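A.B. asks: need the 3D shape of this:
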Amino acid sequence: MRATSDQVQLRQLFSSTAIDALGVGFVVPSTSFRREHIALLESAFAEDLVSSCWEELDQFIEGIMSLH
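C.D. replies: Here you go, the predicted model:
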């Protein structure tokens, strides 16, 4: 997304990922999507990824802590 050269391309690219974006709680319509929204969209995807594997992350941290 960051490499798109104009607003039309950016909106088209976002439209192709809109279902995934809605799935992680990002509710900006594709017609309103701007370059400034990219960081927010990336944050929403990252937060969803982390929250979906929270138990595994906790287990990893406990394993690391047990080594000390």
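A.B. asks: where does this protein have low pLDDT?
C.D. replies: Low-confidence segments of the chain (pLDDT under 70): 1-5.
A.B. asks: just give me the residue right at the centre of it.
C.D. replies: F45 (1.8 Å; CA atoms, centre = their mean).
A.B. asks: surely it and V24 touch.
C.D. replies: Yes. If you go by CB atoms under 8 Å, F45 and V24 touch, sitting 5.7 Å apart. Yep, even glycine has a C-beta here, placed from its N, CA and C like the rest.
A.B. asks: so what sits against both of those two?
C.D. replies: Overlap of the contact sets of F45 and V24 (by CB atoms under 8 Å, 6 or more residues apart in numbering) is empty.
A.B. asks: about what we covered before: continuing past whatever helix or strand the residue nearest to the centre of the chain lives in, what's the next helix or strand?
C.D. replies: If you go by DSSP states H and E, F45 is part of helix 38-52. Scanning forward in sequence from helix 38-52 by DSSP H and E, the next helix or strand is helix 54-66.
A.B. asks: other residues contacting the helix holding F45?
C.D. replies: 1-2, 14, 20-21, 23-26, 28, 57.
A.B. asks: so it versus helix 54-66, what angle?
C.D. replies: 70 degrees (axes from the mean of the first three to the mean of the last three CA atoms, to 10 degrees).
A.B. asks: chain center to helix 38-52: distance?
C.D. replies: With CA atoms, centre = their mean, to the nearest Å as the basis, helix 38-52 stands 3 Å off its chain's centre.
A.B. asks: what comes up buried for stretch 45-53?
C.D. replies: If you call a residue buried by 16 or more other CB atoms under 10 Å, then stretch 45-53 has these buried ones: F45.
A.B. asks: centre of the chain to it, how far?
C.D. replies: That offset, for stretch 45-53, works out to 8 Å (CA atoms, centre = their mean).
A.B. asks: now A39: how far from V27?
C.D. replies: 16 Å (CB to CB, to the nearest Å).
A.B. asks: all set, thanks.
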